[in-house]
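Q: structure for the following, please:
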Amino acid sequence: MSSETATATATETEPKLSPVEGHKSESKFLRGTLAEEFADASLDHINDANKSLIKFHGSYQQEDRDARKNRGKGGVSGKAYMFMIRLKLPGGKLTPDQYLKMDELCQNYGNSTLRITTRQSFQFHGVMKENMKSLLQGINKTLLTTLGGCGDVNRNVLACPAPIPDALHKQQMDDCQKVATALTPKAAKQAYHEIWMDDEKLTNPEDDEEPLYGPTYLPRKFKIAFSMPDDNCTDILANCLGYLAITENGKPIGYNLYAGGGQGQTNSMATTYPLLAQPIGFIHFDEVVDAAEAMVKLFRDHGNRADRKRARLKYVMHDWGVEKFREVFYGEYFNHPQRPLKDAPITGLDLHLGWHSMGDGKWFLGVSVENGRIKDEGQMRLRAGLRAIVERFKVDVRLTTQQDILLCGFSTADRGAVDSMLNEYGIPREETLPMVQKWSMACPAIPTCGLAITESERSLPSVVRQLEKVLVDLGLGGEPISVRMTGCPNGCARPYQSEIGLVGRGGTKYTVYIGGDSFGRRLNTEVQDSVPIEQIAPRLAKVFTAFKAERTGNELFGSYCERIGLDRVKELFSA
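A: Numbering: from 1, shown residues only. Below is the predicted model:
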């Protein structure tokens, strides 16, 4: 066979790249024609290529799906386009001034709400095309950014947000910031400032370089989290790369490294599934950035660029197996010794709600935010109350991956006044909330997310209220049972690791998963597909009843379900 024939044959058998790969390669390092389209006032939306590129800038083009019912009525036709904006906020940290500015911007340019994501960030919803540049400039003036909030790059880096005064908490937050900085796209940062900040072009786009990501960036998104064995509040096993902080004799010594976790799957596509991150090895603190860069490069070179539904690091791990993965990681990308893991199992998860000491006479207050939506509604004026507290006491703000908010830096003398303000604004204290509500999460879903096939954020509260009554009646109201709902199987609220996962199937029906772990150590299992929402609580009541009668000691609900087996759980749920 001639070399020309061999080359042609190889080319013919190579899988065709996805269209998004073309959008990236032709984009002049993510510029595309975004500047031109956003300057054109006659357009209310952007083209498909720019829809791909704007994700890297921290935004999704969306549609107001509540407006669909008005199409064709009263002269209304076509889609009601809008945009979602997401901050890149490593460790979920904001200063008082930054928080107050985000509150102001959501009023001026969004739908008057801030939404805490499951990755310690803020999203603005309902942003009109003509307001995009003003909003992004307002964000950047506070020294925050949206660059890399979405797109095929490293997303927001997670770390335990609690400002607890010990060396381990400080170490993992510092390392979180270092990794986020190291993985920031270089050429894309220049393009971002040219387009949104009206900065003068400093380079010719053809001369730009992305030394880490390359000209087409990653096959898909990449997620990183830091955590601790006794407090896995960031769900590190759901991430592409996880750092589990290790101590010996009370002194921090390094991290156990995990790789290949991820949540999303696609209905009726058996080649997609959620997976937990697998253990790789132990690293020292001075190797943290090198490990992140090495893992990103491995994914860049070996991730699937033909099928975006399988373009995640978790499938590289699954298809290779952990031994080959380690061999390639250490042999080709990570120039440090391979060391065995330290014995440090995950043993807990703290929501960080209520009052906690920061040391030196200072306190932080964790406030539960149902499904992460900071808004004023009825007697509960959460947004106004948080703004008033931050304005008065000038406290720092940190966001959690459970969609809650921590207000940090009160003096002991402030606590009485803060509690009074919570009462004034109708904001419930942690001790008054049902346990099942505190442990629940939902994605936004309808009306903003174009992928959603059912409601989530707007439906979960009613399900939680029903479950609360069932659990209280059974004497189980104090159990930390995690319930997570998503409007589609992509799993943005990490439903596949929860003890009860509710995943949108269509209409008002959900696929029910049971048997995961509140501490993020185990995946759950599908129990029944297409369950009408009104049947979820009554069917779970039968499983809860058996749990109360048959549990051993302080056994958690998910552990009980794993012990009795899937067949028995299905029998109880379907009875």
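Q: shaky segments in the protein?
A: 1-13, 68-77, 199-207 (pLDDT under 70).
Q: what residues does stretch 242-252 touch?
A: With contact meaning Cβ atoms under 8 Å, 6 or more residues apart in numbering, stretch 242-252 is reached by 167-168, 171-172, 175, 224-229, 236, 253-259, 261, 277, 282, 285, 288, 291, 342, 344, 346. No exception for glycine: its C-beta is placed from N, CA and C like everyone else's.
Q: over to stretch 392-399?
A: Under Cβ under 8 Å, 6+ apart, the answer for stretch 392-399 is 89, 91-96, 98-99, 116-117, 120-122, 161-163, 364, 389-390, 405-410, 414, 418, 421.
Q: next step: those restricted to helices.
A: Pro96, Gln98, Tyr99, Ile389, Val390, Val418, Met421 (DSSP state H).
Q: on that earlier part again, quick check on the contacts of stretch 392-399: which are buried?
A: With neighbours counted by 16 or more other Cβ atoms under 10 Å, the contacts of stretch 392-399 contain buried members at 89, 91-96, 98-99, 116-117, 120-122, 161-163, 364, 389-390, 405-410, 414, 418, 421.
Q: which helix in this structure runs the most residues?
A: helix 533-550.
Q: report all helices and strands that it contacts.
A: helix 460-473, strand 509-514, helix 557-564, helix 566-574 (3 or more Cβ pairs under 8 Å, 6 or more residues apart in numbering; DSSP states H and E).
Q: which residues are in contact with Gln265?
A: Gln265 neighbours (Cβ under 8 Å, 6+ apart): Thr272, Tyr273, Pro274, Pro489, Asn490, Gly491, Tyr496.
Q: can you tell me the SS state at the residue lying closest to Arg310 once chain neighbours are set aside?
A: Closest residue to Arg310 apart from its sequence neighbours, by Cβ to Cβ, 6 or more residues apart in numbering: Asn304 at 4.8 Å. Here Asn304 is recorded as coil under DSSP: H, G, I helix; E, B strand; the rest coil.
Q: residues near Asn304, how many?
A: Using other Cβ atoms under 10 Å, Asn304 has 17 neighbouring residues.
Q: which of the contacts of stretch 242-252 are buried?
A: Looks like the contacts of stretch 242-252 have 168, 171-172, 175, 224-229, 236, 254-259, 261, 277, 282, 285, 288, 291, 342, 344, 346 buried, using 16+ other Cβ under 10 Å.
Q: return the subset of those residues lying in strands.
A: Among the buried ones among the contacts of stretch 242-252, the members found in strands (DSSP state E) are Ile224, Ala225, Phe226, Ser227, Gly254, Tyr255, Asn256, Leu257, Tyr258, Ala259, Phe282.
Q: what about dumping the CA coordinates of stretch 269-277 to CSV?
A: Output of stretch 269-277 as CSV, limited to C-alpha atoms (Å, rounded to 0.1, in the frame of the first residue of the first chain):
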residue,chain,number,x,y,z
MET,A,269,-27.9,6.3,25.3
ALA,A,270,-26.3,3.4,27.1
THR,A,271,-22.8,4.7,26.4
THR,A,272,-23.3,7.6,28.8
TYR,A,273,-23.5,7.4,32.6
PRO,A,274,-22.4,9.1,35.8
LEU,A,275,-19.1,7.9,37.3
LEU,A,276,-17.2,8.6,40.5
ALA,A,277,-13.6,9.9,40.4
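Q: in that stretch, which residues are buried?
A: Buried, per 16+ other Cβ under 10 Å, within stretch 269-277: Thr272, Tyr273, Pro274, Leu275, Leu276, Ala277.
Q: tell me which residues touch the last one, please.
A: In other words, Ala277. Contacts of Ala277 (Cβ under 8 Å, 6+ apart): Ile236, Leu237, Ala238, Asn239, Cys240, Leu241, Gly242, Tyr258, Ala259, Gly260, Gly261, Lys314.
Q: once you drop chain neighbours, what's closest to it?
A: Per Cβ to Cβ, 6+ apart, closest to Ala277 is Gly261, 3.2 Å.
Q: how far away is that neighbour from Glu14?
A: Separation of Gly261 from Glu14 (Cβ to Cβ, to the nearest Å): 29 Å.
Q: what's the answer for Val390, then?
A: The gap separating Val390 from Glu14 is 54 Å, by Cβ to Cβ.
Q: surely Asp97 meets Leu143?
A: No. If you go by Cβ atoms under 8 Å, Asp97 and Leu143 don't touch, sitting 9.6 Å apart.
Q: got the contact list for the helix or strand encompassing Arg326?
A: Taking DSSP states H and E as the criterion, Arg326 maps to helix 322-328. Residues outside helix 322-328 that contact it (Cβ under 8 Å, 6+ apart): Ala259, Gly260, Gln278, Pro279, Ile280, Gly281, Leu298, His302, Val316, Met317, Trp320, Gln338.
Q: and the first one, what is it in contact with?
A: By that I understand Ala259. Applying Cβ under 8 Å, 6+ apart, the residues near Ala259 are Cys240, Leu241, Gly242, Ala277, Gln278, Ile280, Met295, Leu313, Met317, Phe325, Phe329.
Q: nearest residue to the most centrally placed residue in the chain other than its sequence neighbours?
A: Centroid check for the chain by Cα atoms, centre = their mean gives Arg119 as the closest residue, at 3.3 Å. Of all residues not flanking Arg119 in the chain, Asn156 sits nearest, at 4.8 Å (Cβ to Cβ, 6+ apart).
Q: which residues touch the closest residue to Lys178 other than its chain neighbours?
A: Computed as Cβ to Cβ, 6+ apart, the closest residue to Lys178 that is not its neighbour in sequence is Val289, at 5.6 Å. Contacts for Val289 were tallied using Cβ under 8 Å, 6+ apart; they are Lys178, Val179, Ala182.
Q: most neighbours of all the residues you listed, which one?
A: Busiest of these [other Cβ under 10 Å] is Val179, holding 24 neighbours.
Q: touching, that residue and Glu287? I think so.
A: No. Assessed by Cβ under 8 Å, Val179 is found out of contact with Glu287, at 11.5 Å.
Q: number of nearby residues for Ala549?
A: Other residues close to Ala549 by other Cβ under 10 Å number 8.
Q: measure it to Glu499 for me?
A: From Ala549 to Glu499 the distance is 18 Å (Cβ to Cβ).
Q: what do you get for Tyr333?
A: Tyr333 is 36 Å from Glu499, by Cβ to Cβ.
Q: the more surrounded of those two?
A: With neighbours defined as other Cβ under 10 Å, Tyr333 and Glu499 compare such that Glu499 has more, 26 against 19.
Q: tell me how far that one lies from Glu562.
A: Taking Cβ to Cβ, one finds Glu499 at 10 Å from Glu562.
Q: how near is the nearest residue in space to Leu114 that is not next to it in sequence to Phe122?
A: Among residues not flanking Leu114 along the chain, Ile374 sits closest, at 4.3 Å (Cβ to Cβ, 6+ apart). Distance, Ile374 to Phe122, using Cβ to Cβ: 9 Å.
Q: got it, and Lys141?
A: Distance from Lys141 to Phe122, by Cβ to Cβ: 16 Å.
Q: equivalent analysis for Tyr258, please.
A: In terms of Cβ to Cβ, Tyr258 sits 27 Å off from Phe122.
Q: do the same with Pro532
A: Counting by Cβ to Cβ - Pro532 and Phe122 are separated by 34 Å.
Q: next one: Arg339
A: Arg339 is 38 Å from Phe122, by Cβ to Cβ.
Q: next one: Gln466
A: Taken as Cβ to Cβ, the span from Gln466 to Phe122 is 30 Å.
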